[in-house]
Structures are given as structure tokens and as C-alpha cells.
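In: Provide a 3D model corresponding to the input given below.
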Amino acid sequence: MSEVDGEVKVRVDIDAGVATVQLDAPEKRNALGATLVGQLQSGLRRAADDPQVRAIVLTHSGGTFCAGADLSEALASGMSVEDASSAGTRSMIDLMRIIIETPKPVIARIDGHVRAGGFGLIGASDIVLAGPRCTFALTEARLGVAPSVISLALLPKMSGRAPGRYFLTGETFDPARAVEIGLVTEAFDSADALDDGVATVLNGVRRASPQGLAASKALTTASLLASFAASADQRAQESAALFASDEARAGMTAFLSKKAPPWDLTAAAEPS
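Out: Predicted structure coming up:
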């Protein structure tokens, strides 16, 4: 992987027909800053274009798979919250589109916390295998915004009433629940079992022809790509409008200062 500004935040290793693309900025909780996003896009495209690569494993270092957009990096560079969110929205759409459109299966191997844009990455992936350290929470509504853009990949995958619950409450759920609602393919009770599960999937993929894989993946992503193309601009506009609102500014200010936002009524609801 080529370096940007002397930092390597995404590592790519190709072995036995598999490209492992690892988010490697654990000190930033693998947040989607400009450097990491650029390297991730480059790594995914490199793997997609390599004729020797049969599958892509998307994974991470550290205890968080991905914490979403790195707004602190953008704000520190002098960008406004609105401009930072707009840049993050464009990056998220591009990343999801790359994962969905590549003709090779993308297997997410995760064993850590998933938040915000991390959901977009696993929602776009073809197979998601989760270890015991995973936790999931869609907390956007608590900040005065919504999971607008990542919903492009999540709503077609999540089952039944699950989005209505987790989009609205922001509550944390575990890998077993993530499997039940269609967000995760399979959950494992140890890191060793997770690795065995990945190996099983890759053994099957290695037996398939490149043409067979591409055609089979196209069957599974056709409706997703159609809805993605039809709604991406609208979801991006919605996201921009939310981030430009007074509520979102208050929510982000509270989040960055680690305080409760003005609308949080949990203290009032506690028994005296």
C-alpha cells in the first residue's frame, strides 16, 4: 500500500488468491478520515483489478472495526461541520459503491465495535463474519441526524422491524442479534472460531471460477445497486440538510465535549 503523508492506515496483503484489506488506525478507532479513506479506496480497487485475486477480506486492527467519519480530523483542518459531513457523505457513498460493484466477493471479518459508517462497510459486503468482541449501535438520532446514507446498504439487508427499532433507539446489540436481523451472516464465540469460519468461506470461494463468482454476485446485488443508484443523491441531500441544522450542531458539540445534548431526557426519566 502506498503511503499518504507518510502514514499507512490501510494494509493490503495478497496470498493464495485472497486480498486482505486491513483498516489499521486503531488509535483513531479506524475512523474514516481522508488518509484512511483514500488508502481504503485504493486497496479495494487494487484487489478488484488484480486477476490473481479471487476474494477480498475486509478486516481491522484494534478493538473497533470502524467508528464512522473522522469529524475531528476534518474540523481540525478548518472545515465546517457541514463541509466535513458533506465530504464524509461522498466518501461513504463511494466506498459502498466500490464494495457492491466489485465482481469479487467481499467478506468482512470483524471482531470489534461497529458504529456509523462502519455499518455502511458491512452492509455493502457480501458476507459478514463476526467475533465475540463485536458490538453494534446506530446512534445517529441521538446526535440530531440519521443514518441516511448508510441506510442505502442497510435497509435491503436488515429484516422486518429491526431498522425501526435500532435506527430510532440507538441501543447496543450483540453479534447474535445482528445475525437474527440479517446484518451479519454468522457469529462466532471465539477469535479462533472466527478464523476457522473465514477459512471455510474462502475454501469455497477458491473452488469457484472468476466468471462464476462475478455472475453469482451480480444476482445478489442487482436490486441493491438499482435502489442505490436511484436513492444515493436523495440520501446525501437529506444528510447534508440534517448536519446543517441547529439540532445537529448542538448534538455534535455535545458529543465532542462528551456531554449530554439538550434534548436528552434520560435523567428526568430516572426514578427519584
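
In: rest of the way, CA atoms for contacts and neighbours
Out: OK.

In: low-confidence regions, the chain specifically.
Out: When residues are selected by pLDDT under 70, those of the chain lie in 1-5, 72-75, 80-82, 267-272.

In: residue boundaries of the strands in it?
Out: In the chain, the strands defined using DSSP state E lie at 10-15, 18-23, 55-60, 64-66, 106-110, 113-115, 127-130, 135-137, 186-187.

In: okay if I get those as TSV plus distance to Ile150?
Out: TSV is the format used below for the strands of the chain (distance: least, CA to CA, whole Å):
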stretch	distance to Ile150
strand 10-15	21
strand 18-23	19
strand 55-60	17
strand 64-66	13
strand 106-110	16
strand 113-115	11
strand 127-130	16
strand 135-137	13
strand 186-187	21
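
In: quick one: closest of the ones you listed to Ala208.
Out: Ranking those by proximity to Ala208 (CA to CA) places strand 55-60 first, at 10.3 Å.

In: which helices and strands sit right next to that closest one?
Out: With contacts defined as 3 or more CA pairs under 8 Å, 6 or more residues apart in numbering; DSSP states H and E, the packing partners of strand 55-60 are strand 18-23, strand 106-110.

In: 10 Å instead?
Out: Other helices and strands packing on strand 55-60, by 3 or more CA pairs under 10 Å, 6 or more residues apart in numbering; DSSP states H and E, are strand 10-15, strand 18-23, helix 34-49, strand 64-66, strand 106-110, strand 127-130, helix 191-206.

In: tell me the strands beside it, with direction?
Out: Neighbouring strands of strand 55-60 in its sheet, by DSSP bridges, are strand 18-23 (parallel), strand 106-110 (parallel).

In: may I have that strand exported as PDB, CA atoms only?
Out: Output of strand 55-60 as PDB, limited to C-alpha atoms (Å, rounded to 0.1, in the frame of the first residue of the first chain):
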ATOM      1  CA  ALA A  55     -11.900 -12.700  -3.000                       C
ATOM      2  CA  ILE A  56     -11.400  -9.700  -0.700                       C
ATOM      3  CA  VAL A  57     -11.400  -9.900   3.100                       C
ATOM      4  CA  LEU A  58     -12.100  -6.600   4.800                       C
ATOM      5  CA  THR A  59     -10.800  -6.600   8.400                       C
ATOM      6  CA  HIS A  60      -9.300  -4.400  11.000                       C
END
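
In: run the angle between that strand and helix 191-206 for me.
Out: Using axes from the mean of the first three to the mean of the last three CA atoms, to 10 degrees, one finds that strand 55-60 and helix 191-206 are set 160 degrees apart in direction.

In: pull the distance from strand 55-60 to the chain's centre.
Out: 12 Å (CA atoms, centre = their mean, to the nearest Å).

In: please apply the same query to stretch 195-207.
Out: Here the centre of stretch 195-207 is set off from its chain's centre by 22 Å, with CA atoms, centre = their mean.

In: returning to that earlier point: quick one: closest of the strands paired with strand 55-60 to Ser91.
Out: Across the strands paired with strand 55-60, the minimum distance to Ser91, taken as CA to CA, is reached by strand 18-23, at 15.4 Å.

In: format the CA atom coordinates belonging to that closest one as CSV.
Out: Below are the C-alpha coordinates for strand 18-23, written out as CSV (Å, rounded to 0.1, in the frame of the first residue of the first chain):
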residue,chain,number,x,y,z
VAL,A,18,-7.2,-13.6,-1.4
ALA,A,19,-6.6,-9.9,-0.8
THR,A,20,-6.8,-9.0,2.9
VAL,A,21,-7.6,-5.3,3.3
GLN,A,22,-7.0,-4.2,6.9
LEU,A,23,-8.0,-1.0,8.5
